[in-house]
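Engineer: All I have is the shape, not the residue letters:
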C-alpha cells in the first residue's frame, strides 16, 4: 500500500543535515522527494567521511556514511543553478511540486530568481520552507551556521556535560547533531501543517525556520527553570534537574541508567533495593524532598546498587515497574531484542554494495504501512529520468 504522503511531491534543494532530514522523513512517509544536487559535486555530506560504503568487492566507494544516514528514499538530479538551464529545471519542478525545502544562505536563491516570490508565481500552492542558521531576518540573518556552534549559542551546551570542577567537567555537545535533527523535524511539522492549511485556503506559504530558534525552543524545562526563578541552570552531568533519583549509577559490573519518575515508582524502587524505610523518611518521601536532599540519598543508593549486576538490576526493576536500562554501545543497540522486534534496522537494495543497512522511521501506520525500498541515491542517479519527464534535455 502507498504511504500516507504518496500524493505529495517534494523538491529538496537542501543539503547537509537539517533540510535533508526533513526530506527523508517525508520520503519515508511516501512522498516523491527529488533531491537537487550541485553538478559534479553533490551534497557536501557525500564527502564527510570516513567511513564510506564498501561495494560488492569490498572496495571503498564515495558514498559517506553521513550522507547515507539522511537521504533514503529520494531521487537525485544534478543541476547547475548558475546556468539558465538549471534554474529553468528548478522552476519547472517547482511548478509540479507541493513542497520546496532549501537551506541556502539568506538571499542566495532570490538572486537566482528562485526565491519564494519568484516560484509562487509559477505555483501559488507551493509550500516553500527556508531552513537557515539564524532566520531570514535579524542581525545575523546572513551568517552561516553549523549544529555544533548553535548547540553553544542556543544554551544547550550550558546544561550538557559534567559539573564544573569535577573530572571531565565542562560544556559538552550532544553526541548527534541534535539541533539539525530537531530542525528537520520542525520543518516536517511545518510543511505538513501548511499543506493542511492549503487544503482549506488553496494558498501556499513560506516557512522561515531558524536553527537558533529551534535550539532555544528545545530548552524546554530548563528554560522554564530559569524563567520562574531567574537562576541559571547549570551542568549536572547525568542528574536530572527536577526529578530524582535519575542518574547513571555504578553497579557490580558496570553502570545502569535509573529513571524514577514519581513517588509511586520510588516506593517500588526502595523495596527492590531492600530499603523500604526510605519512603517513610521525610527527606525522601516526595520528589521535591529527594531533589533537595539528593547528595544524602545518592550515597545510600550507590551502596545499595553495588550489590548486583546490570542484568540482575534491569530485570528486577523491569518486573517491579521501575524504569531502568543498560548503557548500550551503538552496536549493542541493534542487538537489543526490542529493537530487533521493531525492525528498526533494515537492508535496502543498493546499486554499488548490493544492500545498505538503514535505521528506518519509527512511525508505524496500520492502514498505510511505510515502505523502505529506495536507498540513498547516487549523485545524479535520476537526472535523465527527471528531466525527461519535464520535457527537457540534459544540456549541462
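Structural biologist: That came through fine. This is a predicted model, so every value here is computed, not measured.

Engineer: Which helix or which strand is home to residue 199?
Structural biologist: Remark: residue 199 resides in helix 178-201, with elements defined by DSSP states H and E.

Engineer: Could I get the buried residue list for that helix?
Structural biologist: Burial within helix 178-201, assessed by neighbour count using 16 or more other C-beta atoms under 10 Å, is assigned to 178-184, 186-188, 190-192, 194-195, 198. Yep, even glycine has a C-beta here, placed from its N, CA and C like the rest.

Engineer: and if you look at stretch 281-296?
Structural biologist: So, applying 16+ other C-beta under 10 Å, buried residues of stretch 281-296: 281, 284, 287, 289-291, 294.

Engineer: Surely residue 66 and residue 50 touch.
Structural biologist: No. With contact defined as C-beta atoms under 8 Å, residue 66 does not count as touching residue 50 (9.9 Å).

Engineer: between those two, which one's more packed in?
Structural biologist: residue 66 (21 against 8; other C-beta atoms under 10 Å).

Engineer: Quick check: the gap between the more buried one and residue 123.
Structural biologist: In this structure, residue 66 lies at 32 Å from residue 123, with C-beta to C-beta, to the nearest Å as the measure.

Engineer: on that earlier part again, inside strands: which ones of the buried residues of stretch 281-296?
Structural biologist: Mapping the buried residues of stretch 281-296 onto strands (DSSP state E) picks out no residues; all lie outside.

Engineer: closest to residue 211 among those residues?
Structural biologist: residue 291 (32.1 Å; C-beta to C-beta).

Engineer: how about the nearest residue to that closest one, chain neighbours excluded?
Structural biologist: Nearest-residue entry for residue 291: residue 244, 5.1 Å, with adjacent residues in sequence omitted and distances by C-beta to C-beta, 6 or more residues apart in numbering.

Engineer: How about residue 152?
Structural biologist: residue 171 is the one closest to residue 152 (C-beta to C-beta, 6+ apart), at 7.2 Å.

Engineer: what sits against that neighbour?
Structural biologist: Contact partners of residue 171, counting by C-beta atoms under 8 Å, 6 or more residues apart in numbering, are 152, 157-158, 160-161, 235.

Engineer: 10 Å instead, please
Structural biologist: 151-152, 156-162, 164, 235 (C-beta atoms under 10 Å, 6 or more residues apart in numbering).

Engineer: Those, buried ones only, as a ChimeraX selection?
Structural biologist: Selection of the buried residues among the contacts of residue 171 in ChimeraX, burial being defined by 16+ other C-beta under 10 Å:
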select :151,156,157,158,159,160,161,162,235
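
Engineer: farthest-separated two in the contacts of residue 171?
Structural biologist: For these, with distances taken as C-beta to C-beta, the pair at the greatest spread is 151 and 164 (17.7 Å).

Engineer: hang on, residue 33 in a strand?
Structural biologist: Yes. With the criterion set as DSSP: H, G, I helix; E, B strand; the rest coil, the secondary structure at residue 33 is a strand.

Engineer: ok, how many other residues are close to it?
Structural biologist: As a burial measure, the neighbour count of residue 33 was computed by other C-beta under 10 Å and equals 31.
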